[in-house]
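K.L.:
Quick one: sequence and predicted model below, then my questions.
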Amino acid sequence: MASVKDELFTISVVSRMFGIHPQTLRLYEREGLIRPRRSQGNTRLYSREDVDRISKILNLTRDLGVNLAGIEVIFSIQQKMDEMRKFVWEMLEYIDQEVRNHFEQRFQTHNYSLMKAPPNKIVKIEVGK
């Protein structure tokens, strides 16, 4: 069973959703702002992600007055930020694992030395007040 996420829409359906001319969607495609799939008959098929992206484009153009070149820059920056965010999370996971490994090794070494130390080597430590 196909989910809502897998839903595909034709150009006429999407243009009606937003109250725009199909040529506007073709322009967005020519400008590289959207990349709809194509059917075997070469019909444009828009995914839910495409529809969300079109909504963002229209918000930027209608509400904020951004031109298409500006939208391209904004989308490019967003993509780079997403890539950087992913890289940072991967690095944090790596660092976290390295810290865990380090402390695990230290803990094992510490336990090993405590187990091998003779009982008469216990040292009293006073904590300052």
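P.N.:
Perfect, I can see it now. As the structure is a prediction and not an experimental result, all values here were calculated from the model.

K.L.:
Average pLDDT for the helix or strand where residue 78 lies, rounded please.
P.N.:
In this structure, residue 78 is located in helix 68-116 according to DSSP states H and E. The predicted model gives helix 68-116 an average pLDDT of 88.

K.L.:
chain center to that helix, what's the gap?
P.N.:
Distance, stretch centre to chain centre, for helix 68-116: 15 Å (CA atoms, centre = their mean, to the nearest Å).

K.L.:
try stretch 36-55
P.N.:
When distances are taken as CA atoms, centre = their mean, stretch 36-55 is centred 21 Å away from the chain's centroid.

K.L.:
Show me which residues of that stretch are buried.
P.N.:
Buried residues in stretch 36-55, defined by neighbour count with 16 or more other CB atoms under 10 Å: 36, 44, 45, 46, 47, 50, 51, 53, 54. To be clear about C-beta, it is placed using only N, CA and C from the backbone, and glycine gets the same treatment.

K.L.:
What residue spans form the domains of the chain?
P.N.:
1-66, 68-116 (automatic domain parsing).

K.L.:
out of those domains, deepest packed?
P.N.:
domain 1-66 (a mean of 14; mean count of other CB atoms under 10 Å).

K.L.:
chain center to that domain, what's the gap?
P.N.:
Worked out by CA atoms, centre = their mean, domain 1-66 lies 21 Å from the chain centre.

K.L.:
Return the residues in contact with residue 21.
P.N.:
residue 15 (CB atoms under 8 Å, 6 or more residues apart in numbering).

K.L.:
Please report how far it lies from residue 46.
P.N.:
Relative to residue 46, residue 21 is positioned 15 Å away (CB to CB, to the nearest Å).

K.L.:
And the residue nearest the centre of this structure?
P.N.:
By CA atoms, centre = their mean, the mean C-alpha position of the chain lies nearest to residue 82, the distance being 4.9 Å.
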